[in-house]
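A.B. asks: quick one, structure for this:
(one chain, ligands or ions: 1)
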Amino acid sequence: MSIEISGVSKNFGDFVALQDIDLTIPTGQLTALLGPSGGGKTTLLRIIAGLEQADAGSIVIEGNDATALPVQRRNVGFVFQHYAAFKHLNVARNIAFGLEIRKRPKDEIDAKVDELLQLVHLKQFAHRLPSQLSGGQRQRMALARALAIEPSVLLLDEPFGALDAKVRKELRDWLRRLHDEMHVTTVFVTHDQEEALEVANSIVVINEGRIEQVGTPDDLYDKPANDFVLGFLGPVTTLGTKLVRPHDIDISRYEQAATAVGTITRWTRIGFEVRLEVTPEPPHAPGPVQVVVTRAEARALDLHEGDRVWLRPQVGADTVSV
Ligand SMILES: Nc1ncnc2c1ncn2[C@@H]1O[C@H](COP(=O)(O)OP(=O)(O)OP(=O)(O)O)[C@@H](O)[C@H]1O
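C.D. replies: The predicted structure is shown next:
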């Protein structure tokens with residue numbers, strides 16, 4: 001059982017937002033839709049939710065063909081960007097809302113709201129209005145509200161997008177733990193590769209309306225399918241005819257078999273790492289090569305601006321031909 005997306009396409013006028021998407025999202029997993037702005041992630045999420053209709057293709061959720069089902073009948077919970085809570089209802093009533101419109105018994109609603117308030121750590125804020133909460137607390141309320149209807153699928157569009165770095169980090173850890181407890185099939189959209197690598201079990205890289213690669217965070221980082229995925233999941237630099245990660249370059253001040261020979265033209269220390277720019281000598285690549293070493297390595301190798309150095313990819317480094 002899972003979410004099966006087959007042959008889904010979507011155009012807005014003559015703009016192709018999604019092109020023939022085939023994707024299986026496994027049950028109980030935390031899946032990230034990752035990609036640059038405008039790539040089609042939100043459109044795909046909205047199609048899964050039933051908020052947008054695909055031009056072609058089908059969506060099967062847990063064995064049920066949901067392609068033509070309205071939102072309310074898909075049993076999905078969602079939190080979209082610029083989420084608007086009911087401003088005049090307190091936190092508890094906001095969480096209860098989905099159950100009230102489904103006309104569940106009052107006892108059941110009270111018990112469920114209580115359980116969810118505990119889960120999202122908002123028990124002491126149950127009677128506050130959304131405007132009296134911080135951004136992170138409001139996001140947790142939104143998640144509790146989405147979870148109240150016991151959805152089989154939880155869809156989150158940039159759930160932590162508008163929050164500061166520290167709160168984002170806290171909420172990521174919290175979402176991970178929540179997922180470990182509840183195992184609701186969860187799909188979240190992000191353009192932040194670190195967020196996807198840290199939180200998701202599985203990542204779908206989407207660009208220009210197509211899927212570039214699907215895999216575990218390790219798969220994508222270690223075995224990128226192409227230069228787009230390699231570049232999107234972390235920094236890359238061109239060494240000879242290959243793209244390689246700057247920390248996967250072996251640098252030496254002594255002559256050795258090398259892909260490029262050049263001069264260190266910039267030396268920048270950022271925290272525990274040192275970023276070097278090496279300008280290769282002809283006939284090597286014209287642009288500078290970025291190399292990252294630890295501070296201890298830079299010291300041990302005695303690297304300075306102006307030094308002549310020999311560069312090659314480290315043994316086992318991931319490279320993609322350019
Ligand atoms: N209702 C619409 N009408 C016209 N064009 C739209 C509509 N919704 C989305 N688009 C276009 O479709 C493309 C994909 O949008 P989508 O929101 O899915 O991208 P995204 O990957 O989620 O980007 P972001 O990270 O910026 O939210 C964009 O170019 C967008 O302008």
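
A.B. asks: what's the following helix or strand after whichever helix in the chain runs longest?
C.D. replies: In the chain, taking DSSP state H as the definition, the longest helix is helix 165-182. Per DSSP states H and E, the first helix or strand lying C-terminal to helix 165-182 is strand 185-190.

A.B. asks: which elements pack onto that next one?
C.D. replies: strand 2-12, strand 15-26, strand 30-34, helix 41-49, strand 153-157, helix 165-182 (3 or more CB pairs under 8 Å, 6 or more residues apart in numbering; DSSP states H and E). C-beta: built from backbone N, CA, C; applies to glycine.

A.B. asks: in TSV: the ones you listed, plus mean neighbour count and mean pLDDT.
C.D. replies: Below are those laid out as TSV (neighbours: other CB atoms under 10 Å; pLDDT from 0 to 100):
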stretch	mean neighbour count	mean pLDDT
strand 2-12	17	96
strand 15-26	17	95
strand 30-34	25	95
helix 41-49	23	94
strand 153-157	24	91
helix 165-182	15	82
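
A.B. asks: outside of the longest helix of the chain, which residues touch it?
C.D. replies: When contacts are defined by CB atoms under 8 Å, 6 or more residues apart in numbering, helix 165-182 is touched by residues 30, 119-120, 134-136, 139-140, 143, 147, 159-160, 163, 186, 188, 195, 198-199.

A.B. asks: now with 10 Å?
C.D. replies: The set of residues external to helix 165-182 that reach it, using CB atoms under 10 Å, 6 or more residues apart in numbering, is 28-30, 119-121, 134-137, 139-140, 143-144, 147, 150, 154, 156, 159-163, 184-186, 188, 190, 192, 194-195, 198-201.

A.B. asks: report the buried members of those.
C.D. replies: The neighbour count (16 or more other CB atoms under 10 Å) marks 29-30, 119-120, 136-137, 139-140, 143-144, 147, 154, 156, 159-160, 163, 184-186, 188, 190, 192, 195, 199-200 as buried among these.

A.B. asks: excluding chain neighbours, what is closest to Ala225?
C.D. replies: Gln213 (4.2 Å; CB to CB, 6 or more residues apart in numbering).

A.B. asks: which residues does the one you found contact?
C.D. replies: Per CB under 10 Å, 6+ apart, neighbours of Gln213: 34, 203-207, 219-220, 223-226, 228-230, 232-233.

A.B. asks: what's the distance between it and the ligand?
C.D. replies: 16 Å (CB to the nearest ligand atom, to the nearest Å).

A.B. asks: assign that residue to helix, strand or coil.
C.D. replies: strand (DSSP: H, G, I helix; E, B strand; the rest coil).

A.B. asks: report the beta-bridge partners for it.
C.D. replies: Beta bridges link Gln213 to Val205, judged by DSSP bridges.

A.B. asks: mind checking pLDDT for Arg73?
C.D. replies: At Arg73, the predicted lDDT confidence score is 87.

A.B. asks: again with Val293
C.D. replies: Val293 is given a pLDDT of 95.

A.B. asks: in contact with it, which residues?
C.D. replies: 246-247, 249-251, 273-276, 299-301, 303.

A.B. asks: which secondary structure element is home to it?
C.D. replies: Going by DSSP H and E, Val293 is in strand 289-294.

A.B. asks: sorry, back to before: the contacts of Gln213, buried ones only, as a ChimeraX selection?
C.D. replies: Of the contacts of Gln213, the buried ones can be selected in ChimeraX as follows, counting by 16+ other CB under 10 Å:
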select :34,203,204,205,206,207,220,224,225,228,229,230,232,233
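
A.B. asks: could you pull out the strands for the stretch 101-250 of the chain?
C.D. replies: 153-157, 185-190, 202-207, 210-215, 237-239, 242-244, 249-252 (DSSP state E, counting those that start in this stretch).

A.B. asks: in stretch 93-107, what's buried?
C.D. replies: So, applying 16+ other CB under 10 Å, buried residues of stretch 93-107: 93-99.

A.B. asks: can you put those residues in TSV and add secondary structure and pLDDT?
C.D. replies: Formatted as TSV, the buried residues of stretch 93-107 follow (DSSP: H, G, I helix; E, B strand; the rest coil; pLDDT from 0 to 100):
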residue	secondary structure	pLDDT
Arg93	helix	94
Asn94	helix	93
Ile95	helix	94
Ala96	helix	94
Phe97	helix	91
Gly98	helix	87
Leu99	helix	90
